[in-house]
Every structure is written in structure tokens, then in C-alpha cells.
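Asker: here are the coordinates; sequence isn't available:
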Ligand SMILES: C[S@@+](CC[C@H](N)C(=O)[O-])C[C@H]1O[C@@H](n2cnc3c(N)ncnc32)[C@H](O)[C@@H]1O
């Protein structure tokens, strides 16, 4: 469906934009460790969206937890090499939405409804003490959105993408143990010398509680996309997702 090429694009962009990404990487790593620090027990930790491991404090997690499981739909070989350095770190190749295979199969067939995501990985794991979802949420609808383009109507694609995002937020609330979420929440494209600012919602309308902390990620500063164009995104961190969600729902 394009997950591998998407991962390769992230790796290439990371190499070109390393300096611009430095603050974001540092802020993400700090938020992951803050979440780890809030866990009363430290048996198993799961990192969702571990991918290229740029933003994961792997050595620290490995020493804090008995076991660390890195989850991603694609684990590039360099991540495998890095993970193999730690005896208590393993990798699982899994689709965290649980519906990508079915989507791949049914989307081209007319008359077939698209699947509904209800992730189940680890939900019955009694040893899971921490799950961190790391810069993954906005990526969940991305590749399937491209795949569906031209196969289904725009409103159907938009509704499917939003459901993927909402299902992940609900999943983080259902998992056992402590959960944390780090995600970008708003993208801006700025064209130099032009007053207009283009903004869009990478979460397709899914609502989030007020963030504990936010920062700017200089995702693609000029000339990464085109000379004179900057792409920035706002990232939100919730080091205790269940608490943030619970407090927000009570107020609504
Ligand atoms: C922006 S990257 C996260 C940053 C990553 N930790 C790094 O260091 O580069 C998003 C990750 O989400 C993964 N991903 C996207 N959709 C997924 C899915 N359905 N299931 C599991 N992983 C997925 C991608 O493969 C990618 O590694």
C-alpha cells in the first residue's frame, strides 16, 4: 500500500532536515521518558510507531523496563540493528489499526463497505505497564488515504480517515497500564513574501483534549519542498493520556 516508501521518505527527510528536527526529537524523547517516569510498575513497555527510532529514547527505556516492544508496520533494517543491541528489546511488525489488510482487499471492490478499526493488540496483556504512541496518530490515515484516492468518494475517504484516528485515541484509553500520546495536531504551509498561510488538520476532524504541552516541529523548512516554502506542524504531548481524556470528558 505504500508503507515502505513512506518510511523511506521519512528517513530521507530526517537526513536532510536533521538540524530543523532536533528540538522536536528532543521534546518527543523527553515526553516519552516523562511518561515512563509516571509508571508505578515497569515490566513491559510498548512503543507504537517506533519506525526509524529517531525520536525514541531506546537505551533509557531498555534500562527502565524489563522488556520493551517496538511496534510498527515497517521496521527498516537500521532500526533492527539498533534494537538488536538491547537484549530486552524486541520488534513486532503489526498494523496498529488492525484493518489495513482488509482495506487493501475490499477497497477496490464496488459495493463493499470499508472496515471499522477497533485495535486489539496488547489489550489483554496483563504485563503491559506503558504504551507510548509516538508521532504515529497523524500517519495512520495518511497511506490509506492515498490508497483510497480514486477508489472511493472523498466524503467516504474522509470519514474512514477520521475513524482511524478516533479508534486509536479510544484504543489508548482501553489498553492496560499507563498510556501516552505524542502527535502533530496542526500543519501550516507558509510561502515567503506572501501573507497567506495555508493550514490543515492532520487528524481529519478528530477532537483532542487540551494538550499538556505543545511545540513547533519544523517539518520541512525551505528549500525541502520548494525554495521559499516552509512546512511546520504543531505537536502535542499527553504524558498521561487516560487522565487527560478523563478530565476533558468530565468537563464536556
Ligand atoms: C512519523 S513516523 C514516527 C516517527 C518514528 N518514531 C521515527 O523515529 O521516525 C510514523 C510511523 O508510523 C508507522 N505507521 C503508519 N501507519 C501504521 C500502522 N497502521 N500500523 C503501525 N505503524 C504505522 C510508519 O511506518 C512510521 O514508522
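Answerer: Yep, it's here. Because the structure is a prediction, the values reported are computed rather than measured.

Asker: Show me the helices in this structure, by range?
Answerer: In order along the chain, the chain carries the following helices (DSSP state H): 3-16, 18-37, 58-64, 77-84, 100-106, 142-148, 154-174, 241-251.

Asker: Can you name the residues in contact with the last one?
Answerer: To tie it back to what came earlier, the one meant is helix 241-251. For helix 241-251, the external contacting residues (C-beta atoms under 8 Å, 6 or more residues apart in numbering) are 133, 169, 172, 173, 178, 179, 180, 181, 209, 210, 212, 238. The C-beta positions use only the backbone N, C-alpha and C, and glycine is treated the same way.

Asker: Tell me which residues touch residue 129, please.
Answerer: For residue 129, the contacting residues are 39, 40, 41, 42, 43, 44, 45, 65, 177, 178, by C-beta under 8 Å, 6+ apart.

Asker: Equivalent analysis for residue 92, please.
Answerer: 69, 70, 71, 121.

Asker: and it, what are its bridge partners?
Answerer: residue 71 (DSSP bridges).

Asker: Tell me the pLDDT of it.
Answerer: Confidence per residue is given as pLDDT, and for residue 92 that number is 97.

Asker: Distance check, it against residue 250.
Answerer: To residue 250, residue 92 is 34 Å away according to C-beta to C-beta, to the nearest Å.

Asker: Tell me the residues of the stretch 1-150 of the chain that contact the ligand?
Answerer: Among all residues of the stretch 1-150 of the chain, those adjacent to the ligand (criterion: C-beta under 6 Å from any ligand atom) are 3, 7, 10, 49-56, 72-74, 95-97, 100, 134-136, 139-140.

Asker: From those, list just the buried residues.
Answerer: With burial judged by 16 or more other C-beta atoms under 10 Å, the buried subset of these is 3, 7, 10, 49-56, 72-73, 95-97, 100, 134-136, 139-140.

Asker: Inside strands: which ones of the residues you listed?
Answerer: For those, the ones inside strands are 72, 134, with DSSP state E as the criterion.

Asker: Looking at the protein, what residue ends up closest to the ligand?
Answerer: residue 51 (2.3 Å; C-beta to the nearest ligand atom).

Asker: Looks like that residue contacts residue 78 (just checking).
Answerer: No. With the criterion set as C-beta atoms under 8 Å, residue 51 and residue 78 do not qualify as a contacting pair; they are 10.5 Å apart.

Asker: Any idea which residue is closest to the centre of the chain?
Answerer: Centroid-nearest residue in the chain: residue 136, 0.8 Å away (criterion: C-alpha atoms, centre = their mean).

Asker: Identify the residues contacting residue 82.
Answerer: Contact analysis of residue 82 by C-beta under 8 Å, 6+ apart lists 53, 58.

Asker: Kindly recompute the last result at 6 Å.
Answerer: Residues in contact with residue 82, defined by C-beta atoms under 6 Å, 6 or more residues apart in numbering, are residue 53.
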